[in-house]
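1. structure, please.
(2 chains)
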Amino acid sequence: DQQVKQNSPSLSVQEGRISILNCDYTNSMFDYFLWYKKYPAEGPTFLISISSIKDKNEDGRFTVFLNKSAKHLSLHIVPSQPGDSAVYFCAARAAGTYKYIFGTGTRLKVLA
Amino acid sequence: GAVVSQHPSWVICKSGTSVKIECRSLDFQATTMFWYRQFPKQSLMLMATSNEGSKATYEQGVEKDKFLINHASLTLSTLTVTSAHPEDSSFYICSARGQGTEQETQYFGPGTRLLVL
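-> Residues are numbered from 1 along each chain as shown, chains lettered A, B, ... in the order given. Just a heads-up that it's a prediction; the model follows:
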């Protein structure tokens, strides 16, 4: 039972344009969400997070939006750069725990 | 800050042998460390959670006698794959959270690729 889903396995975007990566979840007990970036054969690197009490968090080129009623979050990267090409994982944490549930990842390719 | 290292970065071993993977927090004290496993093109699957000085908590379906976890200090956790078999070949990643870091965030090591022949 996949509680965190990233339905798009891959995404290609032109350099300078916006990249939008989506993530859906099923467990209403999740209260904290994170996005990680991962290169092949490396560990994930933390990008940005959002608490369930917010609907938006912004950090430079990265913005995460949370729609609790739809159980959906998205990561916006603007402007996209070739160095952003990687696999992006969303992760969710249930209230009262420190366990993350990861999505299956979306491979972003930013074309120069 | 919040750097986590793993050693070795890759290992090849014969079937039936045991392999130890180390996870270290370099610039903070890790009160909790996590061990994940990732198969090709799949998500990271949590194997176990370990708190310093106590026994690890394993996820359902993970054999605790197969995957021995020790978290002896606030900067070191080890995962030992005992009697490894080819199906144990995978990418193993640790993460840590703790004092001096953003408490809500786990910081990941670079991973260890294990190949069992």
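
2. so what's the residue in chain B positioned nearest to chain A scoring on pLDDT?
-> Closest to chain A within chain B is B:Phe108: 3.6 Å, counting by C-beta to the nearest C-beta. For the C-beta atoms, the positions are set from N, CA and C on the backbone; glycine is no exception. Confidence at B:Phe108, expressed as pLDDT, is 92.

3. nearest spatial neighbour of it, skipping sequence neighbours?
-> A:Gly43 (3.6 Å; C-beta to C-beta, 6 or more residues apart in numbering or on different chains).

4. what's the one you found sitting at in phi/psi?
-> phi -80, psi 160 (degrees, to the nearest 10).

5. ok, now which ones touch the residue of chain B closest to chain A?
-> By C-beta atoms under 8 Å, 6 or more residues apart in numbering or on different chains, the contact set of B:Phe108 is A:Tyr36, A:Gly43, A:Pro44, A:Thr45, A:Phe46, B:Val4, B:Ile93, B:Cys94, B:Ser95.

6. can you do 7 Å?
-> B:Phe108 is in contact with A:Gly43, A:Pro44, B:Val4, B:Ile93, B:Ser95, counting by C-beta atoms under 7 Å, 6 or more residues apart in numbering or on different chains.

7. what strand or helix carries the fourth one?
-> In this structure, B:Ile93 sits in strand B:90-99 according to DSSP states H and E.

8. just checking: what are the partner strands of the helix or strand following that strand?
-> For strand B:90-99, the succeeding helix or strand toward the C-terminus, using DSSP H and E, is strand B:107-108. If you go by DSSP bridges, strand B:107-108 pairs up with strand B:90-99 (antiparallel).

9. in the partner strand, what counts as buried?
-> Under the neighbour-count criterion of 16 or more other C-beta atoms under 10 Å in any protein chain shown, strand B:90-99 has B:Ser90, B:Phe91, B:Tyr92, B:Ile93, B:Cys94, B:Ser95, B:Ala96, B:Arg97, B:Gly98 buried.

10. mind listing what residue 38 touches?
-> Just so you know, I chose chain A. A:Pro44, A:Ala86, A:Val87, A:Phe89.

11. try again with chain B
-> B:Leu44, B:Ser90, B:Phe91, B:Ile93.

12. wait, the residue nearest to B:Phe108 sits on B:Gly111?
-> Yes. Using C-beta atoms under 7 Å, A:Gly43 is in contact with B:Gly111, at 4.8 Å.
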